[in-house]
Each structure stands twice: as structure tokens, then as C-alpha cells.
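>>> One predicted model, sequence on top.
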Amino acid sequence: MRTNIAAFIAGGSLLLFLPAVPEYWGWICIASITISLLGIYINYASIQYPRTNIVLIAVCSFTLGFSWNANYAQSRLANVLSIEHEGKDLVLEGRVNSLPQSSSSGAKFSFEVDQAFSGKDSIESFPPQIYLSWQPAWRNPQDVPEVIPGQRWELKVKIKRPYGSLNPHTFDFERWSFHQDFGASGSVRSGKLILEKDIAFTEFALAMEYQRWKLRQKIQRLLPRDARYGGVIAALVMGDQNAIDQDDWRVFNATGIGHLISIVCKIYPS
């Protein structure tokens, strides 16, 4: 069992050393598993060498590990924004599908795209989920409306692929976007609210995000506006890590309790 687990991990890790996902990885994995299973059957029926079966099962585990990660990577890369749309002003229609990060400097939120337009032309292939930033003009918070999970918007945005800085010891935005399946990021130019609340009865995850937003609003109402650790309280109560100021994170990390805050917040991941 330990050999098979190690082989599975090794197969998944192999993909990290490749410059790209192999083009025909699916057929190669199917052929490798089929040949290994055929070898196990032949060995069991006639040859009966115990170590041969151990090796062939390990090969199957290795192949499964590789195919698991290859499928994950390919599904994420398939949703990345096409280069031809980078840096252009587009019109998107969709919903806010998670708890936004809101502050006096604007709002950042995940947006589920239903339709995308370049001018009057509809874009057929577009990332189903993107990460947007809505900053107020001249730092005037009144210019940015309240962004609420479940709202349906028509937004004019400037879009690009997710890019992150290569500076050491900084937040890896590109890696985070890859794992969150954000195919693009961008900034909102303007927006028109289409529907205040568009949450179906069966959309339990989105309904929970809406309830978390209501809870955050209640916490903010009960606390004084100048509460020093208001964001920390919100993070510990509902897992909203984005509410914690960067200055507080530096203090937590310097004192060795940053990981404890993150673990507690993982109960309700943002």
C-alpha cells in the first residue's frame, strides 16, 4: 500500500517538472494502465511472479497520479482568457458568486460570467469565472455600490490574464487564481445592476455566501467604526480572511500566530 501511495504522489509530481501538459497524455495514460492490467492478468493466470504484480500495480498508481494532476491542470488552463481579449474593454453579464472583499478603497469579488461582448459582438469562448476589482474614482467610496453575493450585473471591464509579481515572500496571485479557477482578472469601469438577488433554491453554496455577507454586515454595525481589530473579529467569526488588514497579518506572522489565524478561518474558507 505504501508503495502504491508513493507511486501515486510521484506520478502527480512528475507534471510539475514538465514545461506543459503533454498533448496526448490521456491516450498515453489509458494505454499504460491497460497494458499494466493485462500484464497483471497474464501473470496471475500463468507466470505467477508476485513481484511482477507489485511493480505493475505501482505503474498503475503512478499513471493515475499523473492523469489526476494532468486533468486538473488542463481543466484550469482551458478556462484562461484568450490573448486577443487582453487589455480590451468588454461588457460582461453575470453574477457575484462569492463573498466580496469590500473596503473604503473599493471592492474585489469573484464574478460568474454568463455572457461576454466585445462591442456588439458576442464572445463565444470566455472564462466562466473571473476576479474583478472595482475601485472608486479619485478614491471616493461613494462611487462604488455595495457588491452583494447573488447580484446580477452588467459590467464594463478591462480584462487581462491573471498575472502575479515574482518578488520573493509576496502573495502569489497567479498561483492563487489558478487554484481558484479564475480565468482572468480585471477592473470595472462602470456597472448596471440587473437583479438585486438571483439565487435559486438549489444553489446552496451561493445562498451561504449571501448569509455570510449578512453576518458580516451585522458585525460591522455592532462594532465601532474605529474598532482596531474589527477585521480580525469578522475573520474569526465567519472565516473572512480578506477583512484582516495587511498590518495585522504582519504582526501575526512576526509573532508566530499567523498560521493559527489561517487554520481557524479555514472553517469557512473565503
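Received the coordinates, thanks.
>>> Against residue 68, how distant is the residue most central in space within the chain?
Computing the C-alpha centroid of the chain and ranking residues by Cα atoms, centre = their mean puts residue 180 first, at 0.6 Å. With the distance defined as Cβ to Cβ, to the nearest Å, residue 180 ends up 19 Å from residue 68. Where you see a C-beta, it was placed from the backbone N, CA and C, and this is true even at glycine.
>>> Give me the contacts around stretch 198-215.
The set of residues that contact stretch 198-215 without belonging to it, under Cβ atoms under 8 Å, 6 or more residues apart in numbering, is 95, 97-100, 148-152, 197, 237-240, 268.
>>> Recalculate using a threshold of 10 Å.
Contacts to stretch 198-215, defined as Cβ atoms under 10 Å, 6 or more residues apart in numbering, come from residues 94-100, 102, 110, 112, 146-153, 197, 234, 237-240, 268, 270.
>>> Now do it, average pLDDT.
Over the span of stretch 198-215, the pLDDT mean works out to 88.
>>> Repeat that for stretch 237-249.
Average pLDDT, stretch 237-249: 72.
>>> hmm, back to that, hmm, the residue nearest to the centre of the chain is touching residue 98, no?
Yes. Counting by Cβ atoms under 10 Å, a contact exists between residue 180 and residue 98, whose distance comes to 9.3 Å.
>>> Please report how far residue 129 lies from residue 92.
When distance is defined by Cβ to Cβ, residue 129 is 11 Å away from residue 92.
>>> joint contacts of the two?
Contact criterion Cβ under 10 Å, 6+ apart; residues bridging residue 129 and residue 92 by contacting each: 111-113, 184.
>>> Would you mind checking the residues you listed for buried ones?
111, 113, 184 (16 or more other Cβ atoms under 10 Å).
>>> would CSV of those with distance to residue 29 be doable?
Putting those into CSV (distance: Cβ to Cβ, whole Å) gives the following:
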residue, distance to residue 29
111, 34
113, 32
184, 30
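>>> In helices, which of these appear?
The subset of these located in helices under the criterion DSSP state H is empty.
>>> Can you tell me which of those is closest to residue 9?
Taking Cβ to Cβ as the measure, residue 9 sits nearest to residue 184 out of those, at 31.6 Å.
>>> Identify the residues contacting the residue nearest to residue 174 when sequence neighbours are not counted.
Nearest in space to residue 174, with sequence neighbours left out and distances taken as Cβ to Cβ, 6 or more residues apart in numbering, is residue 164 at 3.5 Å. Listed by Cβ under 10 Å, 6+ apart, the contact partners of residue 164 are 170-178, 185.
>>> Save the residues you listed as CSV, and put in distance to residue 36, pLDDT and secondary structure too.
Compiled in CSV, the contacts of residue 164 are given as follows (distance: Cβ to Cβ, whole Å; pLDDT from 0 to 100; DSSP: H, G, I helix; E, B strand; the rest coil):
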residue, distance to residue 36, pLDDT, secondary structure
170, 43, 72, coil
171, 42, 74, coil
172, 37, 80, coil
173, 40, 84, helix
174, 36, 84, helix
175, 33, 85, helix
176, 36, 83, helix
177, 36, 87, helix
178, 31, 87, helix
185, 42, 91, strand
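>>> Can you tell me which of the residues you listed are buried?
Buried positions within the contacts of residue 164, assessed by neighbour count (16+ other Cβ under 10 Å), are 177-178, 185.
>>> just these now: which is nearest residue 118?
residue 185 (17.5 Å).
>>> Name whatever forms a beta bridge with the closest one.
Listed by DSSP bridges, the beta-bridge partners for residue 185 are residue 131, residue 160.
>>> Now do the buried residues in stretch 96-106.
With burial defined by 16+ other Cβ under 10 Å, the residues of stretch 96-106 counted as buried are 96-102, 106.
>>> Mind checking which of those are in strands?
Among those, the members falling in strands (DSSP state E) are 96, 101-102, 106.
>>> starting at the chain centroid, how far to stretch 147-158?
Mean C-alpha position of stretch 147-158 versus that of the full chain (Cα atoms, centre = their mean, to the nearest Å) differs by 18 Å.
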